[in-house]
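show me the folded form of this:
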Amino acid sequence: MRVTQEALTNVSRHAQSKTAEVSLRMASNGLELTVTDTGIGFNGVKKSPLCLGFASMQERVRLLKGKLTVDSKPDHGTMVRAWVPFEKNHVA
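Numbering: from 1, shown residues only. Model (predicted):
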C-alpha cells in the first residue's frame, strides 16, 4: 500500500502527467504492483531528486523479500514495478 502511495505522490508532484495507471496482479508466485505514467521521466534514480522516496519504496519491498525496479526515460514517463512473494503459509 505504501509503495503505491509513494509512487502516485511522485507522479503528482514531479511527473507532469495528467494520468497514471496502477495495476496489481498475481505473477510468479507473488504479487506484482505496477505504477506507470506518461510524464516527463528522468535519467536514473540516483540523479533524481526523488531518490529518498525511491529508497523508502525499495526498503519496504526488500523487507518483504521482494524486488523493486524503476524504469524511466526523459520525455517517456516512468514505470515503478514492485514484486513481493507470497508467504508459503498464506497460499491456498
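
elements contacting the strand or helix carrying residue 8?
Secondary structure assigned from DSSP states H and E places residue 8 in helix 2-10. Counting contacts by 3 or more CB pairs under 8 Å, 6 or more residues apart in numbering; DSSP states H and E, the secondary-structure elements packed against helix 2-10 are strand 20-27, strand 30-37, helix 51-63, strand 78-85. Using the backbone N, CA and C atoms, a C-beta is placed for each residue, glycine as well.

pull the residues that contact the longest one.
By CB atoms under 8 Å, 6 or more residues apart in numbering, the surrounding residues in contact with helix 51-63 are 2-3, 6-7, 9-10, 45, 48, 67-68, 70, 80, 82-84.

buried residues in the helix or strand following that helix, which are they?
Proceeding C-terminally, helix 51-63 gives way to strand 67-72 as the next helix or strand, assigned by DSSP H and E. Neighbour counts over strand 67-72 (16 or more other CB atoms under 10 Å) mark 68, 70, 72 as buried.
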